[in-house]
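Asker: with the sequence up front, the predicted model follows.
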Number of protein chains: 2
Amino acid sequence: MVRVGDVFRALADPTRRLILDELTLRDGQTLFEICSRLIAHGNTSTRQAISQHLAVLEEAGLVVSHRSGRTKIHHLNTQPLRSITERWPVTD
Amino acid sequence: MVRVGDVFRALADPTRRLILDELTLRDGQTLFEICSRLIAHGNTSTRQAISQHLAVLEEAGLVVSHRSGRTKIHHLNTQPLRSITERWPVTD
DNA sequence: ACAATAGGCAAGTGACTACTTGCATGTCAA
DNA sequence: TTGACATGCAAGTAGTCACTTGCCTATTGT
């Protein structure tokens, strides 16, 4: 069960938004891939920090993961974002 | 200039989301009206707390306000929410 | 088996955040 | 003008959060 508060709290951090951007560019990355590519783009986060960020994103339902051997594959899930526009409809 | 981080941080707090809900029900309320109606709905926040929440919402661009005599009228602005679905498009 | 790889767990720290408390400012009605 | 009303400001506090640090587990290749 995903709470809406978790979604917003997860999105409130700039590094977590960068992770979502990275998964938007290439879905299904491992922790090490995400680390490498974030650092390559100037982010200074360590593996442990990014691992904790991914846990927050998973709790919010924005990222789903499954283990494959000794690696863990992360997938983006934009479904929880739907609740945002449903709650406060954007007026055109 | 509204930063996307401010929007998510503002939405991360449950009381602030209740304030947005309240303004969705009836737009253009004063601080005292918002306080009264939130408390009537079981929220235990004080006036000062809600005032600070409104300041955060204004900084995020989600609420715009103008003074009228000794009262301050608050209006909802859902425009910043658009950036959410623009950044991570919701797949149907 | 053994070393390297990919990731996990948990305690500690500094910064930030929500909330309170107390007082000050500005406005309206009598 | 004087008091009541609506709101603002600013310092202090308790709790949360992001990040580090150090060690541990599990899997793969040789």
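Answerer: In hand now; what should we look at? These numbers were taken from a predicted model, which means no experiment stands behind them.

Asker: going forward, measure contacts and count neighbours with C-alpha atoms only.
Answerer: Fine.

Asker: what does chain A put close to DNA strand C?
Answerer: Within chain A, the positions lying close to DNA strand C (Cα under 7 Å from any atom of the strand) are A:Thr30, A:Leu31, A:Phe32, A:Glu33, A:Gln48, A:Ser51, A:Arg70, A:Thr71, A:Lys72, A:Ile73.

Asker: for the fifth one, what is the enclosing helix or strand?
Answerer: Yep, that's A:Gln48 we're talking about. Per DSSP states H and E, A:Gln48 falls inside helix A:47-59.

Asker: now render the residues of chain A next to DNA strand C as TSV, adding pLDDT, distance to DNA strand D and secondary structure.
Answerer: Below are the residues of chain A next to DNA strand C laid out as TSV (pLDDT from 0 to 100; distance: Cα to the nearest atom of the strand, whole Å; DSSP: H, G, I helix; E, B strand; the rest coil):
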residue	pLDDT	distance to DNA strand D	secondary structure
A:Thr30	97	14	strand
A:Leu31	97	14	helix
A:Phe32	96	13	helix
A:Glu33	97	16	helix
A:Gln48	97	5	helix
A:Ser51	98	8	helix
A:Arg70	94	4	coil
A:Thr71	96	8	strand
A:Lys72	97	10	strand
A:Ile73	98	13	strand
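
Asker: the helix holding A:Gln48 packs against which elements?
Answerer: Taking 3 or more Cα pairs under 8 Å, 6 or more residues apart in numbering or on different chains; DSSP states H and E as contact, the helices and strands that helix A:47-59 lies on are helix A:4-11, helix A:14-25, helix A:31-40, strand A:63-68.

Asker: let's see 10 Å
Answerer: Contact analysis of helix A:47-59 by 3 or more Cα pairs under 10 Å, 6 or more residues apart in numbering or on different chains; DSSP states H and E lists helix A:4-11, helix A:14-25, helix A:31-40, strand A:63-68, strand A:71-76 as its packing neighbours.

Asker: so where's chain A uncertain?
Answerer: A:91-92 (pLDDT under 70).

Asker: returning to that earlier point: quick one: which of the helices and strands packed on helix A:47-59 is nearest chain B?
Answerer: Evaluated with Cα to the nearest Cα, those place helix A:4-11 nearest to chain B, the distance being 4.7 Å.

Asker: give the other helices and strands that that closest one contacts.
Answerer: Packing partners of helix A:4-11 (3+ Cα pairs under 10 Å, 6+ apart): helix A:14-25, helix A:47-59, helix A:82-87, helix B:4-11, helix B:14-25.
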